[in-house]
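Peer 1: Kindly generate the corresponding structure for this input.
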Amino acid sequence: MDLVTELSPLVAAEAAAEAPGTGMDAADLEQAVWLRLLEQHPADPVHWVRTAVRAEARRARRLRRQERPYGSAPAADPDPGPELAAITAERRRILHAAIGRTPGNCPRLLAALLSPKDPTYREIAGELDISQGSLGPMRSRCLGCLRRMLAAEVAAPELGGKER
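Peer 2: Below is the predicted model of the structure:
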């Protein structure tokens, strides 16, 4: 009898037993165990299955605690106060000034990425008249350039935590 035929009922039963506590579908948990089996090649796979299923279930529970659905962030304070508003406006001004100093098509690309209209890659590529496939590498280069520019403007702290 081959290994898949021998272990399938055991993996399915263990995954079905552990899945409800993980928030994961039993089939997904089962698939993760099969993948781990292929990666590890245990000497005694029959005894290994229960340990592997429980380890995958723990990992799924840990990830579930850490992940948050998109849009579930706590609501921002509707009145952040004048100090926070001034700091936010100053940061935005510095960012947009740095974007204006980036080379080539970077100012247009970064402005499009920060647009409140939230355009898709296809829309940005059409606006810039470039291929959609070159947008990702170009974005990466532009963000790297912007990151270096902004890092150069911020004073690096000296050893011991003192600022220059």
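
Peer 1: correct me, but Ser131 touches Ala125?
Peer 2: Yes. A contact is recorded between Ser131 and Ala125 when judged using Cβ atoms under 8 Å, the distance being 6.4 Å. For glycine as for every other residue, the C-beta is placed from the backbone atoms N, C-alpha and C.

Peer 1: okay, the two: which has more neighbours?
Peer 2: Counted by other Cβ atoms under 10 Å, Ser131 and Ala125 do not tie: Ala125 has more neighbours, with 19 against 9.

Peer 1: what comes into contact with stretch 98-112?
Peer 2: Outside stretch 98-112, the residues that touch it by Cβ atoms under 8 Å, 6 or more residues apart in numbering are 114, 119, 124, 127-128, 130, 135, 138-139, 141-143, 145-146, 149-150, 153.

Peer 1: What does Gly104 show for phi and psi?
Peer 2: Dihedral angles phi and psi of Gly104 (degrees, to the nearest 10) take the values phi 60, psi -130.

Peer 1: Okay, it and Leu110: tell me how far apart.
Peer 2: Separation of Gly104 from Leu110 (Cβ to Cβ, to the nearest Å) stands at 11 Å.

Peer 1: Glu39 too?
Peer 2: Computed as Cβ to Cβ, the Glu39 to Leu110 distance reads 40 Å.

Peer 1: Can you check what pLDDT the model gives Thr22?
Peer 2: Per-residue pLDDT puts Thr22 at 79.

Peer 1: wait, doesn't it sit right on Leu29?
Peer 2: Yes. Under the criterion of Cβ under 8 Å, Thr22 makes contact with Leu29 at 6.5 Å.

Peer 1: And the helix or strand harbouring Leu135, what does it pack against?
Peer 2: Leu135 belongs to helix 132-153 when elements are defined using DSSP states H and E. Here helix 132-153 touches helix 82-100, helix 106-113, helix 121-128, going by 3 or more Cβ pairs under 8 Å, 6 or more residues apart in numbering; DSSP states H and E.

Peer 1: No further questions, thank you.
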